[in-house]
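> structure, please.
(one chain, ligands or ions: 2)
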Amino acid sequence: MNHNQKEILKLKEEKNAIILAHNYQTAEIQEIADFMGDSLELCIKASQIDDADLVVFCGVDFMAETAAILNPSKKILIPENHAECPMAHMLPREELLKYKKRYPDAAVVLYVNTMAEAKAEADILCTSANALQVVESLDDDQILFGPDMNLAWFVQEQTDKEIIPIPENGHCYVHKMFKTADITFSREKYPDAEVLVHPECDGKVQQMADHVLSTGGMIRHVAASSKKTFLIGTEVDMVTRLRRENPDKMFYPLLDDAICENMKLHTLEKVKKSLLKERYQVTVPQEIADKAKNAVERMLEVS
Ligand code: 13P
Ligand code: SF4
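Numbers count the residues shown, from 1 in each chain. Ligands and ions are numbered 1, 2, ... in the order given. Just a heads-up that it's a prediction; the model follows:
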């Protein structure tokens, strides 16, 4: 542990705080986190926090907002308030309302990577870990699904329901970097490796992979697999966590420069300041939070 990490652990105790971190955080933040996970696991954890006064959320805006929606009486802090997920801003509430007007009979399933105002207009949310399960849980045959067109494609491949991606080109700039040639090239280098990619990757990349999984799904898959080598098609620090937890296995990023700059805005220095100054608090207006909470809780019920 370095000096900053030791200070953070001390402050954490003094303030009765817990640190939640997404799987894309750097090694030094992973090391001081109380809990790490994918978006669904972090949502579930956030719904179960009852003995902490402060929650420091090392993730992007929509994740911290979801924690705030589920914990109205807790102080939710984000160490860097510019840590935004660009995809979550690709479907603002006003756009969503236009689609709802155009397709009045469709159910609305929103990826958790959306802002609270949009979540408040959804019937139910989903994450990359439960998207198909959520869609199949509905009676409706026509589904407005956004904002990730690739996750929409992933679901459409496995359901008879009509999935309408909204907006037309919603995507993640990090997962968009992966091309089928990256898989071809890496398989030549590591012929025994299993290729795991995230459903935010392009459909053609998903088709070439051995498995398409959420980040939490990748962790569970690797732990249960007898394979020894894995090529990881998602943000590079996913490999950091997989290596830490599976020292007997080999992990290689499918692309070294698949870096989510937004997630990387959090640093130990900022986590320390966040605890010291109790900043930056993430809040959601009550009326929006109440509506959004229904959609989050409906998802948690079917997960
Ligand atoms: P996971 O829920 O699979 O961790 O994905 C979150 C995310 O933002 C992927 O880019
Ligand atoms: Fe958003 Fe993509 Fe970063 Fe995930 S990897 S937080 S979807 S920008």
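> how about residues contacting stretch 292-303?
Stretch 292-303 has contacts (C-beta atoms under 8 Å, 6 or more residues apart in numbering) with 40, 43-44, 47, 66, 69-70, 110, 112, 116, 119-120, 122-127, 129-130, 133-134, 137, 284. Glycine gets a C-beta too; all of them are placed from N, C-alpha and C.
> intersect those with the contacts of ligand 1.
Checking these against ligand 1 by C-beta under 6 Å from any ligand atom, the ones in range are Thr127.
> separate out the buried members of the contacts of stretch 292-303.
40, 43, 47, 66, 69-70, 110, 112, 116, 119-120, 122-127, 129-130, 134, 137, 284 (16 or more other C-beta atoms under 10 Å).
> burial check on Asp139, number of neighbours?
By the criterion of other C-beta atoms under 10 Å, Asp139 has 5 neighbours.
> over to the one 3 residues further on?
When neighbours are counted by other C-beta under 10 Å, Gln142 registers 13.
> try Ala118
Other residues close to Ala118 by other C-beta under 10 Å number 28.
> ok, now how distant is it from Val296?
According to C-beta to C-beta, to the nearest Å, Ala118 stands 12 Å off from Val296.
> again, but for Ile124
For Ile124, the distance to Val296 equals 9 Å [C-beta to C-beta].
> what's the answer for Pro92, then?
Look at Pro92 and Val296: by C-beta to C-beta, they are 19 Å apart.
> more crowded one of those two?
Val296 (22 against 15).
> helix or strand for that one, which one?
Assessed by DSSP states H and E, Val296 sits inside helix 286-302.
> now find how far off-centre that helix is within its chain.
How far helix 286-302 lies from its chain's middle: 17 Å, per C-alpha atoms, centre = their mean, to the nearest Å.
> that helix close to ligand 1?
No: judged by C-beta under 6 Å from any ligand atom, helix 286-302 stays clear of ligand 1, getting no closer than 12.2 Å.
> what's the average pLDDT for that helix?
Throughout helix 286-302, pLDDT has a mean value of 97.
> for that helix, which positions count as buried?
Buried residues in helix 286-302 (16+ other C-beta under 10 Å): 288-289, 291-296, 298-299.
> what's the closest of the residues you listed to Lys75?
Using C-beta to C-beta, Ala289 is the member of these that sits closest to Lys75, with 14.6 Å.
> does that closest one touch Ala67 like I think?
No: contact criterion C-beta atoms under 8 Å: Ala289 and Ala67 do not qualify, at 11.3 Å.
> okay, now Lys101: neighbour count?
Going by other C-beta under 10 Å, the residues that sit close to Lys101 add up to 8.
> quickly find the element holding it.
Element membership for Lys101 (DSSP H and E) is helix 93-102.
> roughly how far is that helix from the heart of the chain?
Using C-alpha atoms, centre = their mean, the offset of helix 93-102 from its chain centre is 24 Å.
> that one vs helix 286-302, what angle?
Angle, helix 93-102 to helix 286-302, by axes from the mean of the first three to the mean of the last three C-alpha atoms, to 10 degrees: 60 degrees.
> give the next helix or strand downstream of helix 93-102.
That would be, after helix 93-102 and using DSSP H and E, strand 107-111.
> just checking, next helix/strand downstream of that following strand?
By DSSP H and E, the next helix or strand past strand 107-111 is helix 116-119.
> could you list every helix and strand that the helix-or-strand element of the chain with minimal mean pLDDT packs against?
Ranking every helix and strand in the chain by mean pLDDT, DSSP states H and E puts helix 39-47 at the bottom, with a mean of 92. Applying 3 or more C-beta pairs under 8 Å, 6 or more residues apart in numbering; DSSP states H and E, we find helix 39-47 packed against strand 17-22, strand 35-37, helix 61-70, helix 286-302.
> so which of those comes closest to Ile219?
Taking C-beta to C-beta, strand 35-37 is the member of those nearest to Ile219, at 8.6 Å.
> can you give me the buried ones in the closest one?
Neighbour counts over strand 35-37 (16+ other C-beta under 10 Å) mark 36-37 as buried.
> near ligand 2, anything from that strand?
No: counting by C-beta under 6 Å from any ligand atom, ligand 2 is not contacted by strand 35-37; separation bottoms out at 13.5 Å.
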